[in-house]
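[1] Sequence isn't available, so here's the structure alone:
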């Protein structure tokens with residue numbers, strides 16, 4: 001009996017071989033044709049003035065639409081009634097929508113991100129949930145970030161659209177504060193002169209705003225003084241590291257002490 005079933009299957013495959021081969025050819029040719037069309041669309045969009053985020057989204061949408069169309073054509077070639085299939089999908093759309101409501105929310109979020117443009121490809125953002133990095137692409141469902149550690153993070157568009165996002169590179173300049181502690185016996189004017197000299201020697205500061213020094217607070221054992229500067233956005237980290245090191249070297253050269261906590265330990269001889 002098993003042999004009879006197997007023979008029937010073989011006979012059926014042989015009788016439908018031309019249909020299977022045709023469907024396979026359509027699938028292979030259509031797949032490469034889809035890749036070619038997507039590449040053509042991408043090159044065409046690159047020549048326009050559209051933002052890179054918009055072109056990335058259109059490319060993803062084009063790829064998804066063409067592959068869905070190819071799947072329908074192949075199924076139709078196999079003899080499946082696509083009209084009934086489409087009707088079935090339409091009747092099940094509500095259930096599918098409920099099942100993939102997260103994906104639909106992400107799709108809608110991607111559209112909102114492209115319309116409102118809180119950030120574009122190339123911006124450095126912080127999503128408020130512990131992820132920050134350079135925006136590499138805004139796709140149909142996800143936005144891809146490249147972190148400072150060279151890690152790729154995929155964040156759902158729905159979360160980015162519904163939560164506060166900090167765009168750290170939107171402006172040309174960024175503020176930097178460098179708090180330092182000095183002794184109460186130290187001359188504040190002398191410290192101010194040293195700090196402003198450090199700022200003047202940094203080439204990556206913005207020329208639009210002058211650096212200044214102010215007393216921020218009085219601690220229990222020190223006075224907190226802050227050097228405030230404005231750095232060029234693309235030189236933010238270079239400026240931060242350079243000025244920190246320069247302040248320490250300048251204080252050492254000028255003999256300015258940075259107070260730190262001390263602990264006195266007294267040994268008591270219990271035998272006396």
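    Thanks, I have it. Since the model is a prediction, treat every value here as computed from it, not as a measurement.
[2] For residue 133, which three-state class applies?
    With DSSP: H, G, I helix; E, B strand; the rest coil as the basis, residue 133 sits in strand.
[3] Name the residues linked to it by a beta bridge.
    Residue 133 forms beta bridges with residue 125, as assigned by DSSP bridges.
[4] is it true that it touches residue 143?
    No. Using CB atoms under 8 Å, residue 133 is not in contact with residue 143, being 10.2 Å away. The way it works is simple: take the backbone N, C-alpha and C, and place the C-beta from them, glycine included.
[5] Neighbour count for those two, which is higher?
    residue 143 (29 against 21; other CB atoms under 10 Å).
[6] Touching, the more buried one and residue 158? I think so.
    No. Using CB under 8 Å, residue 143 is not in contact with residue 158, being 10.3 Å away.
[7] At the geometric centre of the protein, which residue do we find?
    Centroid check for the chain by CA atoms, centre = their mean gives residue 145 as the closest residue, at 2.7 Å.
[8] Can you show me the strands along the stretch 1-150 of the chain?
    Along the stretch 1-150 of the chain, the segments classed as strands by DSSP state E, counting those that start in this stretch run 124-126, 132-138, 142-146.
[9] Just the residues contacting the first one, thanks.
    It stands for strand 124-126. Here strand 124-126 makes contact (CB atoms under 8 Å, 6 or more residues apart in numbering) with 119, 132-135, 145, 165-169.
[10] at 6 Å what do you get?
    For strand 124-126, the surrounding residues in contact (CB atoms under 6 Å, 6 or more residues apart in numbering) are 119, 132, 134, 165-169.
[11] what do you get for the second one?
    Contacts to strand 132-138, defined as CB under 6 Å, 6+ apart, come from residues 53, 56-57, 113, 119, 121, 123-124, 126, 144-147.
[12] From the chain's centroid, how far away is it?
    For strand 132-138, the separation from the chain centroid amounts to 3 Å (computed by CA atoms, centre = their mean, to the nearest Å).
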